[in-house]
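Colleague: Just to be clear, the model below is a prediction. Sequence and coordinates:
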Amino acid sequence: MTLQKKDFIEIEFTGKVKDGGIFDSNVKEDLKNLNPNENPKPLIFCLGEGMFLKGIDDFLIGKEIGTYTIELTPEKAFGPRVSEFVQMIPSKIFREQNLNPVPGAVFNFDGRIAKVLSVSGGRIMIDFNHPLAGKIVIYDVKILRKVEDLNEKVKSFIEFLFRREMKFSVNEKKVIIEVEKNMSKFVEMFQDKFKDILDLDLEVKEIENLPKEAQ
């Protein structure tokens, strides 16, 4: 069975820097080296739709279910290092936010993650490059199965988009998602995505309060 774009698959994977250590995994034995307290979760995603690293997507389309070792150059992984992404920022920017910039600290600047490289007087050198930019990475990927169940597909897609579980139901060609009122407009913005990837119309059902266990 050859995998095609828009197929949903479940995989186990471990990503490591070539000649270096593991940086990401959902395999128990490998994950314990990163965070021994974290429980691995299955990864289900749609091929070719930006739900996983593009270089992995491109490689897996057209392959059979099986196990693969995939080596990616920086251009196909996390990008090359860009010197312009290393910038000097006045220390007053940090003081205004009550932040303490020390070398090695990581901060979020309007959605862009940056690492502090050095602190010199009133000037802070920070790096907006991805931590793995410029590195060759290797992924060991085991395709466990092609996902056929529509509810599994919807669940994984919701978690990818919103980084959380949401209560939903599928009724013929429609998915109904329950969300609190302050999120309804945001969720509705993804109507085209649900139609394109899952061929489902999206209906948002507002609820007063989200149950605590679902948060």
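Modeller: Thanks, I have the structure now. Numbers count the residues shown, from 1 in each chain.
Colleague: Low-confidence bits of the chain, can you list those?
Modeller: Within the chain, the set of residues satisfying pLDDT under 70 comprises 209-215.
Colleague: ranges for the helices of this protein?
Modeller: Assigned by DSSP state H, the chain shows helices spanning 28-31, 54-60, 91-96, 150-162, 181-188, 191-198.
Colleague: Report the backbone C-alpha coordinates of the fourth one in PDB.
Modeller: So the one you mean is helix 150-162. The C-alpha coordinates for helix 150-162 follow below in PDB (Å, rounded to 0.1, in the frame of the first residue of the first chain):
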ATOM      1  CA  LEU A 150     -12.600   9.500  10.600                       C
ATOM      2  CA  ASN A 151     -12.900  10.300  14.300                       C
ATOM      3  CA  GLU A 152      -9.300   9.600  14.800                       C
ATOM      4  CA  LYS A 153      -8.400  11.900  11.900                       C
ATOM      5  CA  VAL A 154     -10.600  14.700  13.200                       C
ATOM      6  CA  LYS A 155      -9.200  14.400  16.800                       C
ATOM      7  CA  SER A 156      -5.600  14.500  15.600                       C
ATOM      8  CA  PHE A 157      -6.300  17.500  13.300                       C
ATOM      9  CA  ILE A 158      -8.000  19.400  16.100                       C
ATOM     10  CA  GLU A 159      -5.100  18.800  18.500                       C
ATOM     11  CA  PHE A 160      -2.700  20.000  15.800                       C
ATOM     12  CA  LEU A 161      -4.600  23.200  15.100                       C
ATOM     13  CA  PHE A 162      -5.500  24.200  18.600                       C
END
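Colleague: can you give me the angle that helix makes with helix 181-188?
Modeller: 110 degrees (axes from the mean of the first three to the mean of the last three Cα atoms, to 10 degrees).
Colleague: And the last one, by the same measure?
Modeller: Following the same axes, to 10 degrees, one obtains 50 degrees for the angle between helix 191-198 and helix 181-188.
Colleague: Which elements pack onto helix 191-198?
Modeller: Contact here means 3 or more Cβ pairs under 8 Å, 6 or more residues apart in numbering; DSSP states H and E; on that basis helix 191-198 packs against helix 150-162, strand 201-207. Where you see a C-beta, it was placed from the backbone N, CA and C, and this is true even at glycine.
Colleague: Give me the outermost residue of this protein relative to its centroid.
Modeller: Farthest-out residue of the chain from its mean C-alpha position, per Cα atoms, centre = their mean: G121, at 36.3 Å.
Colleague: what number of residues lie near the residue lying closest to it once chain neighbours are set aside?
Modeller: Nearest residue to G121 in three dimensions, chain neighbours excluded: S91, at 7.6 Å (Cβ to Cβ, 6 or more residues apart in numbering). S91 is flanked by 15 other residues according to other Cβ atoms under 10 Å.
Colleague: and what of R112?
Modeller: 10.
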